[in-house]
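Novice: Return atomic coordinates for the entry below.
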Amino acid sequence: MILNISGKKALFINKEDAGVYSDIGLALMNLERYEEAITFLEQAIKLDSQNKDYIYSLANLYRDNKRFELAISEYLSFRRILPAFR
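Specialist: Numbers count the residues shown, from 1 in each chain. Prediction:
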């Protein structure tokens, strides 16, 4: 599977690249591997806590998986980063 080969290779090259974690998380979402996707998106946010796209993607993933309290928490984080939406 391409995800396993290229994703692991990219992480091996740079484990601090939040974008790689996000890309893998989004790919896993598309494959409906939601628990794995959550893990990768959470790691992306740990590495880049101000990235609105990562936060919003994770919030939507939580919402779609009926983890509403976690979704609300992420949406609030998203809102704090974008003061224009206050």
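Novice: C-alpha from now on. contacts and neighbour counts both.
Specialist: Noted.
Novice: and Ser77, how far is that from Leu28?
Specialist: Applying C-alpha to C-alpha, to the nearest Å, the value for Ser77 to Leu28 is 23 Å.
Novice: do Tyr62 as well
Specialist: Tyr62 is 14 Å from Leu28, by C-alpha to C-alpha.
Novice: Report the helix or strand with the lowest average pLDDT across this protein.
Specialist: helix 2 (a mean of 43; mean pLDDT, DSSP states H and E).
Novice: Name the residues of the helix or strand hosting Leu61 that are buried.
Specialist: Assigned by DSSP states H and E, Leu61 falls within helix 52-64. For helix 52-64, burial by neighbour count (16 or more other C-alpha atoms under 10 Å) applies to Lys52, Tyr54, Ile55, Tyr56, Ser57, Leu58, Ala59, Asn60, Leu61, Tyr62, Arg63.
Novice: Redo those as CSV? Include pLDDT and distance to Ser73.
Specialist: Below are those laid out as CSV (pLDDT from 0 to 100; distance: C-alpha to C-alpha, whole Å):
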residue, pLDDT, distance to Ser73
Lys52, 94, 13
Tyr54, 96, 14
Ile55, 96, 10
Tyr56, 96, 11
Ser57, 97, 13
Leu58, 97, 10
Ala59, 97, 8
Asn60, 96, 11
Leu61, 97, 12
Tyr62, 97, 10
Arg63, 97, 11
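Novice: which one among the residues you listed gets closest to Ser22?
Specialist: Distance to Ser22 across the buried residues of helix 52-64 (C-alpha to C-alpha) is lowest for Tyr54, with 6.6 Å.
Novice: Return the residues in contact with the closest one.
Specialist: Ser22, Leu41, Ala44, Ile45 (C-alpha atoms under 8 Å, 6 or more residues apart in numbering).
Novice: Looking at those residues, which are in helices?
Specialist: Per DSSP state H, helices hold the following members of the contacts of Tyr54: Ser22, Leu41, Ala44, Ile45.
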